[in-house]
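**Student:** Have a look at this prediction, sequence included:
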Amino acid sequence: MVYQLRKCLHLYHYYKYPLFGLMHTQTQIRWPAIMKNARKDYASNTPSTPIPSRCTTKEDAGGYILRVETTINDPFDLKGLRPKEGGEPGDIALRPLLKGVADWERRAKVSQRANERYLDALSHLDREISLGQLLSSVTKRIRRGGRAFRALRPWDAVDLPLLQAINRPEHLLSGFHNVDISAILFPRDLANIHTKRAATERTSYRLRLLRAHGLIAKIPRSQRYRTTKKGRQLCAAILLAQTDTVKQLNAKAS
């Protein structure tokens, strides 16, 4: 047997999850076999220290470790404090991030915060609160800042696509603009110069409605929005209920 460093091979499986969008699983084809043999050898050599082993199925994922990672291919929409390239070192200002090593620390922090927001969104699925309690605060007419706002209608043809749009996983990284949501809700209108303004105005109204109900918040010193904890929890519950069949709901209720 010859020890040699070799390239690690992986299998990637891509699928579209109804709640969090496009996802993938990465399976390392060599490591599980190595770990299995190492577990056997270690257990045989140290019988007084058993190593727990568990077989899990796709439905029972209790034995798996969920690893979340963020890949930034285009950092120019993100900003960080740095001097201008070729400028004075003391001229520090918020500027678009670069792909080079100069901004790697800032990119790492942004990615970590995106990972935390994603995991936070997953944690909201495990709460002892009923769907009725979640909906009670947003399905009634409210007043904010002297203005009246209608109730949300989570399952109709207007509000459901809106909730799906703000809950897309790519928006966890740096939030979203009006135009990002318009491109999802009104792609044809946004592509037409004569209807583009009307599309963004319709989106502006919908974003004001979500802000009034506390589902999104404005990111300071920017034209971006982010989904709040309340918004992520509500969207997750509604979208999961949307994918459940009547049979599944009856089984959970029994």
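**Tutor:** Yep, it's here. Residues are numbered from 1 along each chain as shown.
**Student:** Residue 230: neighbouring residues, count only.
**Tutor:** 17 (other CB atoms under 10 Å). All C-beta atoms are positioned from the backbone trio N, CA, C, and that covers glycine.
**Student:** Could you pull up the residues touching it?
**Tutor:** With contacts defined as CB atoms under 8 Å, 6 or more residues apart in numbering, residue 230 is in contact with 214, 215.
**Student:** Give me the pLDDT value at it.
**Tutor:** Residue 230 is assigned a pLDDT of 89 by the prediction.
**Student:** what pLDDT, on average, does the helix or strand hosting residue 189 get?
**Tutor:** Here residue 189 sits within helix 187-191, counting by DSSP states H and E. In this model, helix 187-191 carries a mean pLDDT of 91.
**Student:** tell me the secondary structure for residue 27?
**Tutor:** strand (DSSP: H, G, I helix; E, B strand; the rest coil).
**Student:** Nearest residue to the middle of this protein?
**Tutor:** Centroid-nearest residue in the chain: residue 169, 3.1 Å away (criterion: CA atoms, centre = their mean).
**Student:** In a helix, residue 181, correct?
**Tutor:** Yes: Residue 181 forms part of a helix when assessed by three-state DSSP.
**Student:** number of nearby residues for it?
**Tutor:** 26.
**Student:** What of residue 75?
**Tutor:** For residue 75, using other CB under 10 Å, the count is 19.
**Student:** Residue ranges in the stretch 51-200 of the chain under the pLDDT threshold?
**Tutor:** Counting by pLDDT under 70, the stretch 51-200 of the chain has low-confidence residues at 51-66, 121, 124-127.
**Student:** Can you show me the strands along it?
**Tutor:** With DSSP state E, counting those that start in this stretch as the criterion, the stretch 51-200 of the chain has strands at 79-83, 92-96, 142-144, 147-149.
**Student:** picking that back up, my guess is the residue nearest to the centre of the chain contacts residue 119, does it?
**Tutor:** No: counting by CB atoms under 8 Å, residue 169 does not reach residue 119; the two are 11.7 Å apart.
**Student:** ok, now how distant is the closest residue to residue 223 other than its chain neighbours from residue 165?
**Tutor:** Excluding the flanking residues, the one nearest residue 223 by CB to CB, 6 or more residues apart in numbering is residue 177, at 6.0 Å. Per CB to CB, to the nearest Å, residue 177 is found 12 Å from residue 165.
**Student:** Please convert the strands of the stretch 51-200 of the chain to TSV, extending it with mean neighbour count.
**Tutor:** Shown next, in TSV, are those (neighbours: other CB atoms under 10 Å):
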stretch	mean neighbour count
strand 79-83	15
strand 92-96	12
strand 142-144	13
strand 147-149	12
